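Colleague: output the structure for:
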Amino acid sequence: MEEDFIAALYQCLGMPAGAEFSTEDVSLLFCKVFHVSSNRGEAEAAMKKVAGGDEAWSCVGANVLDVLLEMERAKERKEMLYWDCQLLNSGNLHHMLQNMFQRKDSEFFRNAYNSESGLLLPQTAETDIFLAEKVLGKKQLCDTMTNMKRLHKAAKQCWARLASEGVHSILPSAWCNRRLGLRGQTWGSISLSDVLFLVEGKYDVVTHLLYTEMLQEHHTPSVWEALLPWQQLKEVEALETMAEEALHSADLLGLAFLPGAFRIYKTSCSQLREQSWSAVAFLNELHTFCEQEQNELMFLGPRLCNDSLRLLYLHVILAIYRAQREKTSYSALLASRQSWELW
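Modeller: Down below sits the predicted model:
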């Protein structure tokens, strides 16, 4: 079936079978197959993404199907971005209508309507400044929130290292060596909030593996491995920000649109039964498990003395070490999940 379809594509362009498609050919095929206009720039971008840096790759035969599919996905992403912008613009509707009723000249009403989007757009310098400040303020707010989350996560990691390895792990110096005996744990007064903080850090280890797997599914493993470490970290941080916003607001649609959201995991419960789930369902369960553990510990809190809190702390640190040894998110969860009901 696939061979017949590829042969039909060659015949549609009047090309011999096995010939290489150019960007112009791909653009023309996209118009004929999807009945949507396209250009050579979009075709070239799709071909580069499918090639993934492979210089030996060529748009021949079945490869053109991957290129057409990538162009269709790019079109969908652009449409989603367009409608997101329209929703943002609609938030300024009240301000725009006030300007409309204040100005009665015909020039304003001729320019206020945008025929492409179908929305009324105020064509005034004041509104342009208002929109620019609104967009810039939103961007600065997003950057600030991202930096705050990054600092919060770094604080959890530093606190875990401080409690498990001692001061020398945070502030290395010539004073901190084996001869001075500073290799042991540095215990202070452990509080319940410290334990809850560490439980959240434990699940960060698992979700970091999950985000990496989702991005590998989204970009394909070969493209993901070709990225530099700082690029991979930036991608993971961006996905983490989107996922946390969707989880805290219970936005199921936002979770479904996360990159790699429908990566499928499978495990054998028995010889006759196999269980499967998606990455987005797993992410939601991790969020629930973390809240369950923290609620159980808060219930135990009033009955715990300082020695019990230290023992709890050691158990959580041990679970973090077990999770860090694993290579997949599911195995990390199995190695680190804890129940405190019978403590």
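
Colleague: CA atoms for contacts and neighbours, from now on please.
Modeller: Will do.

Colleague: could I get the full set of helices for the stretch 151-300 of the chain?
Modeller: 192-219, 221-226, 229-248, 252-256, 279-300 (DSSP state H, counting those that start in this stretch).

Colleague: mean pLDDT lowest for which of those helices?
Modeller: Out of these, helix 252-256 stands lowest, with a mean of 86 (criterion: mean pLDDT).

Colleague: and that helix, what does it pack onto?
Modeller: helix 229-248 (3 or more C-alpha pairs under 8 Å, 6 or more residues apart in numbering; DSSP states H and E).

Colleague: residue 264: what's it in contact with?
Modeller: Shown in contact with residue 264 (C-alpha atoms under 8 Å, 6 or more residues apart in numbering): 276-279.

Colleague: break this structure into its domains for me.
Modeller: Segmentation of the chain into domains, based on automatic domain parsing, reads 2-84, 93-145, 187-336.

Colleague: now these in JSON lines, with distance to residue 343?
Modeller: As requested, the domains of the chain are arranged in JSON lines below (distance: least, C-alpha to C-alpha, whole Å):
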{"stretch": "domain 2-84", "distance to residue 343": "49"}
{"stretch": "domain 93-145", "distance to residue 343": "37"}
{"stretch": "domain 187-336", "distance to residue 343": "8"}
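
Colleague: weakest of those domains in terms of mean pLDDT?
Modeller: domain 93-145 (a mean of 47).

Colleague: quick one: the strands in this protein?
Modeller: Assigned by DSSP state E, the strands in the chain fall at 113-114, 119-120, 264-268, 274-278.

Colleague: and the angle for the third one with helix 279-300?
Modeller: The reference is to strand 264-268. Orientation check (axes from the mean of the first three to the mean of the last three C-alpha atoms, to 10 degrees): strand 264-268 against helix 279-300 gives 70 degrees.

Colleague: neighbouring strands for strand 264-268, and are they parallel or not?
Modeller: Note on strand 264-268: by DSSP bridges, its sheet partners are strand 274-278 (antiparallel).

Colleague: contacting residues around residue 28?
Modeller: So residue 28 contacts residue 38 (C-alpha under 8 Å, 6+ apart).

Colleague: tell me how far residue 242 lies from residue 286.
Modeller: 16 Å (C-alpha to C-alpha, to the nearest Å).

Colleague: pick out whichever of these two has more residues nearby.
Modeller: Neighbour count, other C-alpha atoms under 10 Å: between residue 242 and residue 286, residue 286 has more, with 19 against 15.

Colleague: quick one: residues contacting the more buried one.
Modeller: 203, 207.

Colleague: any idea how far the residue lying closest to residue 206 once chain neighbours are set aside is from residue 31?
Modeller: Setting aside the residues directly before and after it, residue 206 is nearest to residue 329 in space (C-alpha to C-alpha, 6 or more residues apart in numbering), at 5.3 Å. With distances taken as C-alpha to C-alpha, residue 329 is found 42 Å from residue 31.

Colleague: quick one: which of the two has more around it?
Modeller: residue 329 (24 against 13).

Colleague: pretty sure residue 265 contacts residue 280?
Modeller: No - contact criterion C-alpha atoms under 8 Å: residue 265 and residue 280 do not qualify, at 10.6 Å.
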